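S.K.: Generate coordinates for the sequence data below:
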Amino acid sequence: MTREDFLSCRLDFFQRIARSFLNSRRNSSIRARLRLGASMTVLALVPTAALAQSATSDAAGASYPWFFLDPPPFLDSWTPPAGAGSAASEAPAADAQAAGASAQPKSTSESVPANPNARSGLVTSGILQKSLGLSADAPLQVGGMASFIGNRLTSGGLKPYTDSGERNFGFNTALDMERLFPFAPIPGAELYSAMIQYEGGRGPQYAGSVQIYDSVNAWSDKYHYRLELYEVWWRQRLFDDKLIVKVGKINGAAEFDQVLSPPTIPQEPSRASWTISDLLYAPVGLNPTLFGRLPAWADSAWGATVKVMPTSAVYGSYGFFDGNAARGQATGPRLGPDLNDYKFQIAEGGLSWQLGEEAKPGRVAAGVWKQTGLLNTGMLDPEGGGVLKEHGAKGVYALGSQRLWYLTDTDSRGLVGWAQFGYSPSSTNEVQRYFGAGLTALGLIPTRYADTISFGFAWSRLNSGPIAGVVWASDLIPPWGWTSSPYAVETRLRSTERMVQVAYRLNLVPGKIVLDAGYTAIPNPGYRPGIPWANVFTVRTFLVF
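M.R.: Residues are numbered from 1 along each chain as shown. Reported below is the predicted structural model:
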């Protein structure tokens, strides 16, 4: 295939994606949307994989087997072992190990975010950058991502045997203001913007899940279609990055209470974990005690953050945001802030370290937050009737992650562990206590050196108010053939909800194409007491360009 063929494939790929999104509202069938998502995945994989294979073949001067059979060659930095031209399985063991080490994503910046709450900033693989004729080190950086998600509730929950899905398309740009105008540079300044188009929803609601098993599904109460300016902010680095200020429309979950953020202490690139976890569920990227409080995917909000780092191992952060999401207002689609009594403030401190002779990195962080404004509780007003309202909410949280084991002395394959905690005493919070923990296996499957297996557990203590279910989970979907839900007679939430998930990430082309497959067990869905154990299977595709 010639270079012109590759360029034609790329153009056709982007045109097909654009047409699918423009026509997405013409067919209201969920199954039809899922079929379209699956077909788009296949259409996108072929030219993108061919492009990735072509780029590496040109660099190495050789041709290699199909991408999902032999993954190591598709990194730009890969160098062929002796006797290249044969399959990796035919190479000597030492050369295969070297190829495996180079097959890993070199840093978290090269990994595709499994949880959108964990990323605020440029997402790119360089494909779109090259297509537009921009050099890799240009002051203008561009990129984007498309994702297709399908869920199947196989049993239990509110409406078993139900399919759901989402499609998301994003485009983002970053301007290095120091290099953009050489005649008037602004050292340490960056201007970033991102737009998203999203269609989907209701998956977690079919299961009756409060904690949300699919992190890309930002809204569990109804089907959504959005086109929004997701983020736009100015970041200013000062005093050798010891002071960082960010102002604009921000995904606050990427800045605070984020267990997926790597340790801040410098690490040897070859030993740094390219991810903390690739779980699909929301709690690993957004503490449930902060649902509807901290701006997150896809309801970012206007605000400002200040981060102070006296050393690379210690930091302190403070954030101030538009808090209108707490009263049910969608802040994501709004172009400007809504200035009123609803405000959200948060402060956090963190510490990073390296343990033992192998310098295993780890970190801990803890913080406090406060929400202002008149908010619903889960109780009845004894005087005026209706829902009792109270002013504000507050809470604390803590988190930590630790590298537990390295498979070899030369690369980052091994095990990573993490844990989270959240507490809110406020009767205006749907989730009042939360604990989560998990393990991630990085590159432990033979020949699949960039793949991960993630395991996680999430537990939440829910609001015990007598009408908490009506306040936070009012729309109960009836089972097939029913006109109303049998659980509608109950007005409370369940006392607790547990969730266990295992997810496998197949890095077809690390940093460019990934497939996620996960199973979620929800023994006690939180929407109402008595909802049976829910089992959900999820498949996702991410394409970064």
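
S.K.: going forward, measure contacts between C-alpha atoms and count neighbours the same way
M.R.: OK.

S.K.: Low-confidence ranges, the stretch 51-200 of the chain, go.
M.R.: 51-111 (pLDDT under 70).

S.K.: All the strands of it, in order from the start?
M.R.: Along the stretch 51-200 of the chain, counting by DSSP state E, counting those that start in this stretch, strands occupy 140-155, 162-176, 189-200.

S.K.: what's the closest of those strands to Gln329?
M.R.: Distance to Gln329, taken as C-alpha to C-alpha, is lowest for strand 189-200 among the strands of the stretch 51-200 of the chain, at 17.5 Å.

S.K.: Give me the helices and strands touching the next helix or strand after that closest one, please.
M.R.: Using DSSP states H and E, the helix or strand that follows strand 189-200 in sequence is helix 203-207. Here helix 203-207 touches strand 140-155, strand 162-176, going by 3 or more C-alpha pairs under 8 Å, 6 or more residues apart in numbering; DSSP states H and E.

S.K.: I'd like those strands laid out as a markdown table, including distance to Ala437 and mean neighbour count.
M.R.: What follows is these, written out as a markdown table (distance: least, C-alpha to C-alpha, whole Å; neighbours: other C-alpha atoms under 10 Å):
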| stretch | distance to Ala437 | mean neighbour count |
| --- | --- | --- |
| strand 140-155 | 23 | 22 |
| strand 162-176 | 26 | 21 |
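
S.K.: Now distance to Thr447 too, for those, in TSV please.
M.R.: As requested, the helices and strands packed on helix 203-207 are exported to TSV (distance: least, C-alpha to C-alpha, whole Å):
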stretch	distance to Thr447
strand 140-155	26
strand 162-176	31
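
S.K.: Show me which helix or strand of this structure is least confident by mean pLDDT.
M.R.: Across the helices and strands of the chain, mean confidence by mean pLDDT, DSSP states H and E is lowest for helix 30-60: a mean of 41.

S.K.: In contact with the closest residue in space to Arg293 that isn't next to it in sequence, which residues?
M.R.: Spatially, and ignoring its direct neighbours in sequence, Arg293 is nearest to Ala326 (5.5 Å; C-alpha to C-alpha, 6 or more residues apart in numbering). By C-alpha atoms under 8 Å, 6 or more residues apart in numbering, Ala326 lies in contact with 292-293, 342, 371, 375.

S.K.: Just want to check the distance between Ala326 and Ala468.
M.R.: Ala326 sits 15 Å away from Ala468, going by C-alpha to C-alpha, to the nearest Å.

S.K.: Shouldn't Leu229 be within a helix?
M.R.: No - under DSSP: H, G, I helix; E, B strand; the rest coil, Leu229 sits outside any helix and is assigned strand.

S.K.: what pairs with it across the strands?
M.R.: Met195 (DSSP bridges).

S.K.: I figured Gln420 was touching Leu399, is that so?
M.R.: Yes - counting by C-alpha atoms under 8 Å, Leu399 is a contact partner of Gln420 at 4.3 Å.

S.K.: okay, and the common contacts of those two?
M.R.: Joint contacts of Gln420 and Leu399 (C-alpha under 8 Å, 6+ apart) are Val259.

S.K.: Look up which helix or strand the residue of the chain most remote from its centre falls in, please.
M.R.: Each residue of the chain has a distance to the centre, and by C-alpha atoms, centre = their mean the biggest one is for Glu383: 43.6 Å. Following DSSP H and E, one finds Glu383 outside all helices and strands.
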